[in-house]
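S.K.: no FASTA, just this:
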């Protein structure tokens, strides 16, 4: 009996071992597998022919699911090749299939692709509807990979609606899932999109940080034995984005390095849309370098690709062409292309681009029609301010917004003065004496006003300093009368940690109360209190010394507790401070004094 059982077991094992290669071969020969492998090679023209052939084969074999899967792969191919009519008709055909709603995978992918098509057609509301529907299907199916991709999708569409905060939240959710899944390709895609968000927010240093991380992730993915060669398209896109970002950061060496990488990659791109995009980005760099003929040549090549392949990069081309013609002093063409781009930008509700085009029009008209130039400059200021309001929400109030507004106001004032001078040129020639007298009177009045304002500021500052000094003297008197015989109840290390925590909590409270009470930020707190240094970093005001006292991991080893106490007293010196805030600060000061006293006692005991 045991011998018969042994023979049967051996036969089963033999059959399994013998059949496993056959199963693998059968799997490899499936139409969907052949189509997918062809697509992953990155040659879309070749993949189109292969997948079309395999679609016919799957339909002959009555493989309904496989047929739908291959059709979805063909949608990806048509999108990459810019064949919008085929992309749309194939999506319509899939949706009308009787088995469309039977397979969650098919409906999930269809909504994502339908959303993508609407996105590139500038139908953003429709795109948002389909992409969120894809997310709902993924969550219902409890498919983590689908969910991670859909979070990336909705992050992209929220960015298009300028809701950068919500967009970054979705990207973070996508990234967490993708890191857990260990898919370096997918991780790189989301990191790249986060970088694009920071580029839109004009935070180029953070953008570069995420672009570099995305590039590392893509390169890590290529170390796999079998990988999707379409990743090289993502890598070359990153070369373009990095070159543009480094040009904004004025890092000439890295800009030149990535520009060269982009130039080398153009010929290898199989998608005409990707080729045109790369050519436009190279043209941007050439315009900044004042190589206008070279920039025009790249833009002409991109235009030829767009016209022959029917994809839409008209806005990008219009913006860069208007810049080239403006720099070449061809004002007629500069105005024409700027107006053409303005129509498209308004359709897309792209405030950043609209503002840029208004500025170009203002500069173009400045040389021939000062009234029209001034009109466009006002539109630029209004649009730029609206963009900045979208860019910074109430929780992210920043000095950068005020700097931008100040620059715009200064530019407007300069134009007003220039306009007034042009209109009164003859009158000034005949009445120059009167003008000189008026200017002298204005200058004299300005000097008096500035002197008065400085005296008032000095008086307020002296009062603040005096109040601050009196409070510190009281604090020092308290320490002079400490009972040095008192034994510490906790160790020196614990009391030091407690002091650090109390300092951070106190500083967070005083900054919060200052901002709510005055409507001003911590930079102005540092400047007015004279207790913290303010530095300039890349044109932005920074409070590095104060910031160290806002987080426990950055507070100095030997913190200056008197500066924190002095900051509290400075804010308390404002008579209009409400009672609740005043009570909070007094309580914080009491806690701080107890922490300092405890630390002092534990230190004396230890010594």
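M.R.: Sure, I can see it. Bear in mind that the values here come from a model prediction, so they are computed numbers and not experimental data. Numbers count the residues shown, from 1 in each chain.
S.K.: going forward, measure contacts and count neighbours with C-alpha atoms only.
M.R.: Noted.
S.K.: give me the below-cutoff pLDDT ranges for the stretch 251-400 of the chain.
M.R.: 270, 308-311, 389-400 (pLDDT under 70).
S.K.: all helices for it, in order.
M.R.: Ranges of helices in the stretch 251-400 of the chain, per DSSP state H, counting those that start in this stretch, are 252-266, 272-288, 292-309, 314-327, 331-348, 351-365, 370-391, 399-423.
S.K.: give the buried residues for the fourth one.
M.R.: Applying a neighbour-count criterion of 16 or more other C-alpha atoms under 10 Å, the buried positions in helix 314-327 are 314-326.
S.K.: and the helices of the stretch 251-400 of the chain as CSV, adding distance to residue 140?
M.R.: What follows is the helices of the stretch 251-400 of the chain, written out as CSV (distance: least, C-alpha to C-alpha, whole Å):
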stretch, distance to residue 140
helix 252-266, 41
helix 272-288, 34
helix 292-309, 38
helix 314-327, 38
helix 331-348, 32
helix 351-365, 36
helix 370-391, 33
helix 399-423, 42
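S.K.: tell me which of those helices sits nearest to residue 165.
M.R.: helix 370-391 (9.1 Å; C-alpha to C-alpha).
S.K.: let me know the angle separating that closest one from helix 351-365.
M.R.: 160 degrees (axes from the mean of the first three to the mean of the last three C-alpha atoms, to 10 degrees).
S.K.: distance between helix 370-391 and the chain's centre?
M.R.: 22 Å (C-alpha atoms, centre = their mean, to the nearest Å).
S.K.: can you name every helix or strand that it contacts?
M.R.: helix 351-365, helix 399-423 (3 or more C-alpha pairs under 8 Å, 6 or more residues apart in numbering; DSSP states H and E).
S.K.: how does it look with 10 Å?
M.R.: helix 164-181, helix 351-365, helix 399-423 (3 or more C-alpha pairs under 10 Å, 6 or more residues apart in numbering; DSSP states H and E).
S.K.: among the helices of the stretch 251-400 of the chain, which is nearest residue 85?
M.R.: Comparing those by C-alpha to C-alpha, helix 292-309 comes nearest, at 11.5 Å.
S.K.: which residues touch the closest one?
M.R.: Contact with helix 292-309 is made by 81-84, 271-289, 311-314, 316-318, 320-321, 323-325, 327-328, as judged by C-alpha atoms under 10 Å, 6 or more residues apart in numbering.
S.K.: show me the shaky parts of the stretch 501-607 of the chain.
M.R.: Ranges of the stretch 501-607 of the chain meeting pLDDT under 70: 603-607.
S.K.: helices along that one, start to end?
M.R.: 522-529, 544-547, 561-572, 579-606.
S.K.: report all helices and strands that the third one contacts.
M.R.: This means helix 561-572. helix 432-480, helix 492-518, helix 522-529, helix 579-606.
S.K.: so how far is that helix off the chain centroid?
M.R.: Per C-alpha atoms, centre = their mean, the centroid offset for helix 561-572 relative to its chain is 36 Å.
S.K.: got it, and the shortest one?
M.R.: Centroid separation between helix 544-547 and its chain, computed with C-alpha atoms, centre = their mean, is 25 Å.
S.K.: check which residues of that helix are buried.
M.R.: 545, 546, 547.
S.K.: which residues are in contact with stretch 52-70?
M.R.: Contacts for stretch 52-70 (C-alpha under 10 Å, 6+ apart): 30-36, 47-49, 51, 71-76, 90, 93-95, 97-100, 102-103, 105-106, 109-110.
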